[in-house]
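Peer 1: only the shape, not the letters, is given here:
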């Protein structure tokens, strides 16, 4: 293993994510079978696992230039073979956005779940239209797709908070003791704070590269905190003195 390998894989961010995945796996395996079958628990663990996978895969695509070059060539990018935007567009901007929309769907009241379904369908259509039309290629920056995805997440967050202040199931709970409240607050804060960076990346890079680097570090810190909260969600049955049971929209949600 050379120094470049350690620089890419043995850094605070990836090491933190790997540790969180191990912790999440331990708590998830310890859950009773009924809880593991509930999307309230397996979906956060899936997002955690998925995120750790593509972040490590991203480091590998930088480490293995020939692999990254071959994928770029396959996708039609021969001008910038070192770029790995294809990976982050597909895994982060596309799939991760859809996973978070499903996560939001699991927390909102049934009457609003269909709205999330339509939002996911709309997002999938937009991705296909913009990519196959050539307006935003998979290997280049995708500001329109990024903006639409971020806005859908923010709208979904809004649906959650509307339910929080209007639905009796939530009104009878203490929001400060709901793990969903903290997770949604962090998602809302994260997507609001990183919105400009995700949409105007190339513009910011051309005018102030150091600003982009700083925003990228903020993304990593917020991402680590968000994944930590996903671990807490999986571990919440063991933290009953801290968190209340979520409003029982899902019959499997609080099953023993």
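Peer 2: Ah, there it is. Since the structure is predicted, the reported quantities are computational estimates derived from the model, not experimental observations. Residues are numbered from 1 along each chain as shown.
Peer 1: only C-alpha atoms from now on, for both contacts and neighbour counts.
Peer 2: Noted.
Peer 1: so what's the backbone phi/psi at residue 139?
Peer 2: Reported as degrees, to the nearest 10, the phi and psi values for residue 139 are phi -100, psi 0.
Peer 1: for it, give me its contacts.
Peer 2: By CA atoms under 8 Å, 6 or more residues apart in numbering, the residues touching residue 139 are 72, 75, 77, 83-87, 89.
Peer 1: center of the chain - which residue?
Peer 2: residue 96 (4.7 Å; CA atoms, centre = their mean).
Peer 1: distance of that residue from residue 49?
Peer 2: Distance of residue 96 to residue 49, computed by CA to CA, to the nearest Å: 11 Å.
Peer 1: re earlier: now do the residue nearest to the centre of the chain against residue 231, distance only.
Peer 2: Residue 96 is 17 Å from residue 231, where distance means CA to CA.
Peer 1: again with residue 13
Peer 2: Residue 13 is 16 Å from residue 231, by CA to CA.
Peer 1: neighbour count: these two, which is higher?
Peer 2: Taking neighbours as other CA atoms under 10 Å, residue 13 and residue 231 compare with residue 231 leading, 24 against 16.
Peer 1: that one touches residue 47, doesn't it?
Peer 2: No. If you go by CA atoms under 8 Å, residue 231 and residue 47 don't touch, sitting 10.2 Å apart.
Peer 1: excluding chain neighbours, what is closest to residue 219?
Peer 2: Among residues not flanking residue 219 along the chain, residue 194 sits closest, at 6.7 Å (CA to CA, 6 or more residues apart in numbering).
Peer 1: residue contacts, residue 92?
Peer 2: The contact partners of residue 92, by CA under 8 Å, 6+ apart, come to 51, 54.
Peer 1: run through who's touching stretch 227-236.
Peer 2: 17, 20-21, 23-24, 27-28, 41-42, 44-45, 48, 179, 183, 243.
Peer 1: make a PyMOL selection of the buried ones in the residues you listed.
Peer 2: Selecting just the buried residues from the contacts of stretch 227-236 in PyMOL takes one command, with 16 or more other CA atoms under 10 Å as the test:
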select buried, resi 17+20+21+23+24+27+28+41+42+44+45+48+179+183+243
